[in-house]
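Student: Structure for this input, please:
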Amino acid sequence: MKRFVSVMKFKEGADKQEYKRRHDNIWPELSDLMTRRGMKNYSIWLYEDLLFSYYETETGARGNLEQEGDSELEKRWAEYMEDFIEHVKDAATGVDIQLEQMFLHE
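Tutor: Coordinates of the predicted model:
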């Protein structure tokens with residue numbers, strides 16, 4: 001099982017309750033896509049203005065998320081949510097920051 005965590009932040013003035021409401025009512029076809037991609041236990045956590053997304057996958061391919069970006073469904077969801085968040089990028093590479101797991105107790 002591979003685990004992935006990424007960091008996002010709320011745009012200034014973004015409505016956190018509306019962001020949560022939209023996720024509480026996630027489109028069924030998007031949920032189905034995540035299931036087909038092998039994503040499990042997907043969750044998003046909030047700390048002040050930072051969001052941490054977490055998911056597990058058996059496939060171990062981080063690339064699944066990038067491939068989703070090619071789908072019309074994922075593009076529509078990104079547009080639907082773009083007023084709320086921005087991805088935190090590595091200053092040197094411009095790539096979304098991924099957190100490194102340092103400890104796990106199962």
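Student: any low-confidence regions in the chain?
Tutor: Where the chain drops to pLDDT under 70, the residues are 60-70.
Student: can you give me the helices for the chain?
Tutor: Along the chain, counting by DSSP state H, helices occupy 16-24, 28-36, 63-68, 72-81.
Student: Show me which residues of the last one are buried.
Tutor: Buried residues in helix 72-81, counting neighbours by 16 or more other CB atoms under 10 Å, are found at 74, 77. (C-beta placed from N, C-alpha, C; glycine too.)
Student: that older thread, tabulate the helices of the chain in TSV, adding columns for distance to Leu51.
Tutor: Below are those laid out as TSV (distance: least, CB to CB, whole Å):
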stretch	distance to Leu51
helix 16-24	8
helix 28-36	17
helix 63-68	15
helix 72-81	11
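Student: right, so of these, which gets closest to Leu99?
Tutor: With CB to CB as the measure, helix 63-68 is the member of the helices of the chain nearest Leu99 (14.4 Å).
Student: Just want the most central residue of this protein.
Tutor: Ser53 (4.9 Å; CA atoms, centre = their mean).
Student: Would you enumerate the residues in contact with that one?
Tutor: Residues counted as contacts of Ser53 (CB atoms under 8 Å, 6 or more residues apart in numbering) are 5-6, 8, 42-45.
Student: Ala92: which of the helices of the chain is closest?
Tutor: helix 63-68 (19.1 Å).
Student: and Asn41, what is it in contact with?
Tutor: Contacts of Asn41 (CB under 8 Å, 6+ apart): 54-56.
Student: Just among those, which is most surrounded?
Tutor: Ranked by the number of neighbours (other CB atoms under 10 Å), the contacts of Asn41 place Tyr55 first, at 20 neighbours.
Student: mind checking how far that one is from Asp15?
Tutor: Going from Tyr55 to Asp15 by CB to CB, to the nearest Å gives 24 Å.
Student: cool, Gly38 as well?
Tutor: Taken as CB to CB, the span from Gly38 to Asp15 is 32 Å.
Student: tell me, how many neighbours does Glu18 end up with?
Tutor: Every residue meeting other CB under 10 Å relative to Glu18 is counted, giving 11.
Student: gap between it and Leu30?
Tutor: 17 Å.
Student: With that, I have no additional questions.
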